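Peer 1: here is my input, please return the structure:
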Amino acid sequence: MQILNRLIPETLRSTLYLRYFGFSKIPLLFYVRPSVVEKSDQHVVIRIPLNRRTKNHHGSMYFAALSIGADCSVGLLAVELIKLREEKIHFIFRDFNAEFYRRAHADVYFRCDQGKEITALVENAIANKQRVEMPLYATATAPDENDEPVARFRLTLSLKQADA
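Peer 2: Got it, this is the predicted structure:
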């Protein structure tokens with residue numbers, strides 16, 4: 001496994017994990033084919049391609065596909081940081097807020113830069129053994145069009161350490 005980890009770039013491993021998770025648990029996630037473009041402990045960038053699966057009747061990205069990208073950017077960062085702790089922690093998104101600014105007529109990139117905050121939230125859930133929550137943010141852009149945001153999202157991540 002160690003050799004495989006060194007041979008496969010981290011972004012590809014994360015993309016494969018995300019797609020496997022979608023295929024096995026959330027088919028709609030698998031259907032839109034998200035890809036991990038950048039990933040570190042502090043941030044993640046997810047790309048959702050604009051194609052027949054993700055377009056609406058205006059030829060722009062459908063808001064549900066945009067929502068999946070926001071979910072993936074925040075969720076993947078949280079999952080990776082939870083896995084590092086080797087603790088059984090359940091998580092859900094308690095609420096979701098979106099502000100749409102313009103239509104996206106190209107692939108959309110979703111960025112979440114709150115790795116430090118998520119790490120602190122995970123530590124808090126482990127230490128307190130109670131449900132903890134925090135609003136997290138993702139920004140969607142379509143760099144092929146310009147660098148102006150397409151949308152901004154706020155998702156409240158809720159964590160709780162599983163009972164032993």
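Peer 1: worst-scoring helix or strand of this structure, pLDDT-wise?
Peer 2: Using mean pLDDT, DSSP states H and E, helix 2-7 stands out as the lowest-scoring helix or strand of the chain, at a mean of 58.
Peer 1: how many neighbours does E38 have?
Peer 2: 14 (other C-beta atoms under 10 Å). To be clear about C-beta, it is placed using only N, CA and C from the backbone, and glycine gets the same treatment.
Peer 1: then A78?
Peer 2: A count of nearby residues for A78, using other C-beta under 10 Å, gives 26.
Peer 1: kindly report the same for the one 3 residues further on.
Peer 2: Close neighbours of L81, defined as other C-beta under 10 Å, add up to 20.
Peer 1: what of A70?
Peer 2: The local packing count at A70 equals 29, with neighbours defined by other C-beta under 10 Å.
Peer 1: just checking, it touches A138?
Peer 2: Yes - applying C-beta atoms under 8 Å, one finds A70 in contact with A138, separated by 4.3 Å.
Peer 1: overlap in contacts of the two?
Peer 2: Between them, A70 and A138 have F110, F153, L155 as joint contacts when contacts are counted by C-beta atoms under 8 Å, 6 or more residues apart in numbering.
Peer 1: closest to E38 among those residues?
Peer 2: Minimum separation from E38 among the shared contacts of A70 and A138 (C-beta to C-beta) is found for F110, which lies at 10.9 Å.
Peer 1: what bridges to the closest one?
Peer 2: Taking DSSP bridges, one obtains I46, A140 as the residues bridged to F110.
Peer 1: having no further points to raise, I will conclude here.
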